[in-house]
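> Quick one, structure for this:
(chains A and B)
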Amino acid sequence: MSTASLSGVRESGAFGPFGGQFAPETLMPALSELEDAWEAAQTDPAFRAELDELLRNYVGRQTPLTLAPRLSERLGGAQIWLKREDLAHTGAHKINNAIGQVLLARRMGKPRIIAETGAGQHGVATATACARFGIECIVYMGAEDVRRQALNVFRMNLLGAEVVPVESGARTLKDAINEAIRDWVTNVRTTHYLIGSAIGPHPYPMIVRELQSCIGREARDQMVEQIGRLPDAAVACVGGGSNAIGLFHPLVDDPVQLIGVEAAGEGLNARHAATLTGGSPGVLHGTRTYVLQDVDGQITEAHSISAGLDYPGVGPEHAWLMQTERAEYVSITDDEALDGLKLLSETEGIIPALETAHAIAYAAKIAPTMSQDQHILIGLSGRGDKDVEIVRDALAQRGG
Amino acid sequence: MTHTGTNSAHNPGATLGARYRQAFDAAESGGDTLVFPFLTAGFPTPEETPELIRAALRGGAAGLEIGVPFSDPIADGPVHQTAYTQALAAGASLDTALDAVRAAREFAPDAPLTLMGYLNPFLAVGATNVADATDQALADPPGAAVGEPLAPLARMAADAGVDGMIIVDLPVEESDAARDVLAEHGISLIYLLAPTSTPRRIATVADKASGFIYLVSLTGVTGAREQVAADFEQFVGRVRALTDTPLAVGFGISRRQHVVEVGKLVPAAIIGSALTNTIASAPADGRVAAVEHYLEVVTGRRSEETSA
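Next up is the predicted model:
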């Protein structure tokens, strides 16, 4: 990564040819300020101590690593382990990043926080962290997602956040990010934009990765503790890719196969959100990465049954991990994800989020091809309570 | 490779930034404040764009900003978002914008013409299949990686008669490769500065700029405002102290009074959303006349009282 300078003009953070800072001029000084604040916080023991205390006593870290014996038996191959981010406060990994960035915003003296949300998990996490510190919180959410995730909208309201429905475009996550960036361009002096995934201009992909790396660090230690070695493969779902990069990053120098699972929606030849497996390099939301686009370079709409994966871009570090072949990216359809959700629910008594169900479904494909002394680590990024209504309707529609 | 490279085809012999220099020199030696209207290519339809452009030039536009619509315009307010969406739905593309440039160049051989847009549609012109990319292209940092893919566009734009390009989401940090590629085709990369820009950033932009520097009058997205931002004068002063490059101001300029006001500080004003609003609210058969009339008013050729 680049090193910060106080000059306001610097080398931007790059992951090979991906990443960078493709942002409007108005935001560039704010990105510099954020990078400086982050670097200062990283070397400040008081920041680390406060963050660690909150992660332990407020978020509930460390989260457990759970063996899934009945699922493993059912699949008849590798042993499957679940890193239980669903048990973190607010029910998903998003809180790790939200708490960290709220602390950062306080250091920068920004009294107002804005965020985007797709499924609502990041919005809820941000509203939660803002409530904990009494900071004003505005969450942009696509109007279609507001409809799909009405309960999460209510949760955010309960937490004191204002939810702004976004009516432009397909009215999903991409459009919420556009609107959040517009707010930031307008209110940049007083506002911190709390991006929820490892996307956006530098330094966001780096900050979010670092704040989510507790997932991989803990899981790594817990695997060694429980089986005396590392897993053979680590599997996580990828929309923007924050839980995946959090799981992968601490394992990147280890002999562990890294597999990111994207949303194939209705299939890669139909509507989907599989940016790495079905897209091409481009620039979106301040970063050079893989995007879904047409021949004119217009960004196309993504589709997934899971609102949290419904994004036509992806974190630039994943593009780099794919190009260098350090990680492998695959995709799972809406239908397969529903099967994955049912499978984990029935075998282990854990209802995963629809996002997470993509990782379960792919692990279920490869586990039978592996031996019983091999181990798969799945990032169980969130719980599925928010999705039960969508799942009920989808299952009813296809007949179970 | 040289910064004084020639434009090809339609404007042989033009040096980098020559038309800007000519226009700004005239304004700074006592002429009228230059008004550069911004028109979205393909709004409301691709068919109407050339005629609307000629109307703007007839009405008194000193040059033009021709906008390439994009699906995700993060620095634009609702007026331009709607215009882009409508233009794209009507089939607008980069070709629509280049057709518009050709129409303008034919009508006004000396007017500085600026192509404005977001990076991704510009990159798409020169996108290579990932499988065909060279090892070098795969190893370049992001800023370098967005240089060479702009070459086919730069060639097409130069042939059409473009003098400069504004790429909203290409800040100075990432711009060196793009700037060089454009300069090889005689096209200036027009940089933006905002009220939030630090002195160091202003100095860096001043060092790299050609054509003119686009001052964003306020911290915000595009859109008409009642008044010019209160701290604009101070902002101009900070930039002026560091560069002699001509300055133009945009964002929030909608009325003759604004043009007169900012004209005391900078030689050129860019008008976008207000003109888009004018087009949007005119009857279908009255758009050309509305654009011409609007330009006459904001350039002071016709008094505001007589405006219908």
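> pLDDT value on the nearest residue to residue A:233 once chain neighbours are set aside, please?
Leaving aside its sequence neighbours, residue A:233 sits nearest to residue A:257 (C-beta to C-beta, 6 or more residues apart in numbering or on different chains; 4.1 Å). Where you see a C-beta, it was placed from the backbone N, CA and C, and this is true even at glycine. Here the pLDDT value assigned to residue A:257 is 98.
> neighbours of residue A:257, just the number please.
By the criterion of other C-beta atoms under 10 Å in any protein chain shown, residue A:257 has 15 neighbours.
> Looking at chain B, which strand is longest?
Identified as the longest strand of chain B according to DSSP state E is strand B:34-40.
> which of the residues in stretch B:148-167 are buried?
B:148-151, B:153-167 (16 or more other C-beta atoms under 10 Å in any protein chain shown).
> Can you tell me which of the residues you listed end up in helices?
B:151, B:153-160 (DSSP state H).
> Of those, which is the nearest to residue A:91?
residue B:153 (46.4 Å; C-beta to C-beta).
> Touching, that closest one and residue B:126? I think so.
Yes. Counting by C-beta atoms under 8 Å, residue B:126 is a contact partner of residue B:153 at 6.2 Å.
> mind checking the SS state of the closest residue to chain B within the stretch 201-350 of chain A?
Closest approach between the stretch 201-350 of chain A and chain B, counting by C-beta to the nearest C-beta: residue A:297, at 2.8 Å. Under the three-state scheme (DSSP: H, G, I helix; E, B strand; the rest coil), residue A:297 adopts coil.
> Report how many residues lie close to it.
Neighbours of residue A:297 under the rule other C-beta under 10 Å: 25.
> From what I see, it and residue A:282 are in contact.
Yes. Between residue A:297 and residue A:282 there is a contact at 6.6 Å, judged by C-beta under 8 Å.
> The longest strand of chain B pairs with which strands, parallel or anti?
Applying DSSP bridges, strand B:34-40 is found paired with strand B:64-67 (parallel), strand B:268-271 (parallel).
> from the chain's centre, how far out does the helix or strand harbouring residue A:397 sit?
Using DSSP states H and E, residue A:397 maps to helix A:388-398. Taking C-alpha atoms, centre = their mean, to the nearest Å, one finds helix A:388-398 lying 24 Å from the centre of the chain it belongs to.
> helices or strands up against it?
Secondary-structure packing of helix A:388-398 (3 or more C-beta pairs under 8 Å, 6 or more residues apart in numbering or on different chains; DSSP states H and E): helix A:334-348.
> quick one: contacts for residue B:238?
Neighbouring residues of residue B:238 by C-beta atoms under 8 Å, 6 or more residues apart in numbering or on different chains: B:199, B:202.
> distance of it from chain A?
As judged by C-beta to the nearest C-beta, to the nearest Å, residue B:238 and chain A stand 13 Å apart.
> Tabulate the strands paired with strand B:34-40 (CSV), appending mean neighbour count.
Formatted as CSV, the strands paired with strand B:34-40 follow (neighbours: other C-beta atoms under 10 Å in any protein chain shown):
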stretch, mean neighbour count
strand B:64-67, 27
strand B:268-271, 27
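> so can I have CSV of those strands showing mean pLDDT?
Output for the strands paired with strand B:34-40, formatted as CSV (pLDDT from 0 to 100):
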stretch, mean pLDDT
strand B:64-67, 98
strand B:268-271, 97
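> Include distance to residue A:212 when you put those into CSV, please.
Shown next, in CSV, are those (distance: least, C-beta to C-beta, whole Å):
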stretch, distance to residue A:212
strand B:64-67, 38
strand B:268-271, 42
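> In the stretch 201-308 of chain B, what residue comes closest to chain A?
Across the stretch 201-308 of chain B, no residue is closer to chain A than residue B:220, which sits at 4.2 Å (C-beta to the nearest C-beta).
> Report whether the expected contact of residue A:127 with residue A:154 is present.
No. Applying C-beta under 8 Å, one finds residue A:127 not in contact with residue A:154, separated by 11.1 Å.
> Which one's more surrounded, the two?
residue A:127 (29 against 12).
> Tell me the pLDDT of residue B:26.
On the pLDDT scale, residue B:26 is placed at 94.
> Figure out the helix or strand that it lives in.
Residue B:26 belongs to helix B:18-28, assigned by DSSP H and E.
> go on, residue A:83?
Following DSSP H and E, one finds residue A:83 within strand A:79-84.
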